[in-house]
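Participant: Can you look at this prediction? I've put the sequence above it.
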Amino acid sequence: MINNSISNIQYDNEMALVTKPDSEFLTITQIYLMSLKSVNSRKTVSSVLNNIARIFKATDHVSFDWLSLRPADIDMVIAVLNERKKLKPSTINSYISAVRALFKSGYINGLVDTETFQRMTQVKSLKASRIVSNRDPIQMDAVKILVEHCEMQGNAMGLRDAAMISVMASCGLRRAELVTIKLEGYNREKKTFTVIGKGNKERVVPIPAATLKRIERWIGTSRGDVPGFLFCRVRRHDKVAISDTEYLSGNGVYDMLKKRTQELEQAHIRPHGLRRFCGTTLLKSGNDLVLVRDYLGHESISTTQIYIEKNEDELHEAAEVFDI
């Protein structure tokens with residue numbers, strides 16, 4: 001529906017707006033989703049809105065009557081997500097944020113009256129946190145073994161996977177940032193990537209020497225200098241499929257890591273785990289928290305603090321200073 005609605009908007013040769021779709025084509029959720037600049041954000045928020053709509057027995061977010069909601073209904077959603085779905089408080093708060101943003105978008109676009117807007121945007125976040133269980137910090141040796149295992153395959157896919165894992169671990173890129181790097185965004189001389197992060201914000205990321213060598217080996221041995229996405233699909237018989245329009249999916253990166261760790265019988269390493277590993281390693285190497293925030297592309301230091309892994313041994317070691 002969203003793509004169809006966008007395609008109905010027509011422009012003349014000077015990009016002046018000529019026609020726009022009838023309002024019947026656009027729901028409050030579609031208008032809100034169109035305002036999100038990132039494709040991944042639209043997918044994530046669309047899933048969140050669908051989940052909320054289904055709590056009220058609707059098929060999806062498009063068919064649900066959002067303007068019928070009251071703050072008490074959101075309290076019920078929170079209770080369902082917390083008690084029945086057993087979601088983490090941080091995840092529940094992302095649902096609440098999506099509802100607030102939806103009604104703000106509706107208000108801006110004249111679909112929500114002032115009173116409804118004020119009521120729905122004052123819904124409180126859930127004040128709680130949970131200890132993350134079963135998440136041991138990733139060790140440097142485990143990452144090195146994984147990268148070397150990929151390189152030892154001696155084929156295009158192995159070289160690509162080694163370079164991708166090295167980039168995630170040492171540059172701390174999100175999956176969406178990794179797969180959308182284009183060759184022109186890679187600067188050999190300056191040893192940097194230019195990436196587009198959350199909120200459509202562009203930043204420059206430094207590339208460590210060892211990671212640079214793996215990228216160069218992937219390009220020089222298999223990919224070549226053809227314009228397009230840096231990390232592309234590798235098909236049967238080592239055929240590299242370079243594209244300027246189609247990039248690897250985030251799920252594809254997840255599956256690649258799962259496959260490679262299974263080959264080594266390692267504990268499964270996830271893409272976001274490598275991002276946490278990067279931030280933790282930077283901080284424990286003596287770097288300032290503000291620098292780590294900028295390196296990872298976080299807007300807030302409080303977000304960076306959540307990323308830093310601490311194990312129980314380190315906490316016990318810290319406690320030893322008390323001789324009471």
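Facilitator: On my side now, so go ahead. Since we're looking at a predicted model, the values are computed, not measured.
Participant: going forward, measure contacts between C-alpha atoms and count neighbours the same way
Facilitator: Will do.
Participant: ok, residues contacting stretch 176-183?
Facilitator: With contacts defined as Cα atoms under 8 Å, 6 or more residues apart in numbering, stretch 176-183 is touched by 40, 164, 167-168, 193-197, 225-232, 244, 247-250.
Participant: next one: that stretch to chain centre, how far?
Facilitator: Centre-to-centre, stretch 176-183 and its host chain are 12 Å apart (Cα atoms, centre = their mean, to the nearest Å).
Participant: Could you pick out the buried ones from the contacts of stretch 176-183?
Facilitator: In these, burial by neighbour count holds for 164, 167-168, 193-197, 228-232, 247-248, 250, counting by 16 or more other Cα atoms under 10 Å.
Participant: Nearest to Leu296 among those?
Facilitator: Within the buried ones among the contacts of stretch 176-183, proximity to Leu296 (Cα to Cα) peaks at Gly197, which comes in at 9.5 Å.
Participant: show me where pLDDT drops low in the protein?
Facilitator: Applying pLDDT under 70 to the chain flags residues 1-24, 128-135, 307-316, 318-319, 321, 323-324.
Participant: tell me the domain boundaries of it?
Facilitator: 2-120, 140-310 (automatic domain parsing).
Participant: Relative to Glu317, which of the ones you listed is closest?
Facilitator: That would be domain 140-310 among the domains of the chain, by Cα to Cα, at 11.4 Å.
Participant: For the chain, which segments count as strands?
Facilitator: Counting by DSSP state E, the segments of the chain that form strands are 10-11, 17-19, 186-187, 192-196, 202-206, 233-235, 239-241.
Participant: The contacts of stretch 176-183 in helices, which ones?
Facilitator: Among the contacts of stretch 176-183, DSSP state H puts Asn40, Met164, Val167, Met168, Gly250 in helices.
Participant: what's the closest of those to Gln122?
Facilitator: Using Cα to Cα, the ones in helices among the contacts of stretch 176-183 come closest to Gln122 at Asn40, 26.6 Å.
Participant: Now do the contacts for Leu67.
Facilitator: When contacts are counted by Cα under 8 Å, 6+ apart, Leu67 touches Val112.
Participant: hmm, back to that, what's the most buried one of the strands of the chain?
Facilitator: strand 192-196 (a mean of 20; mean count of other Cα atoms under 10 Å).
Participant: All the helices of the stretch 101-250 of the chain, residue numbers only.
Facilitator: Ranges of helices in the stretch 101-250 of the chain, per DSSP state H, counting those that start in this stretch, are 114-120, 140-151, 156-171, 175-179, 209-218, 250-263.
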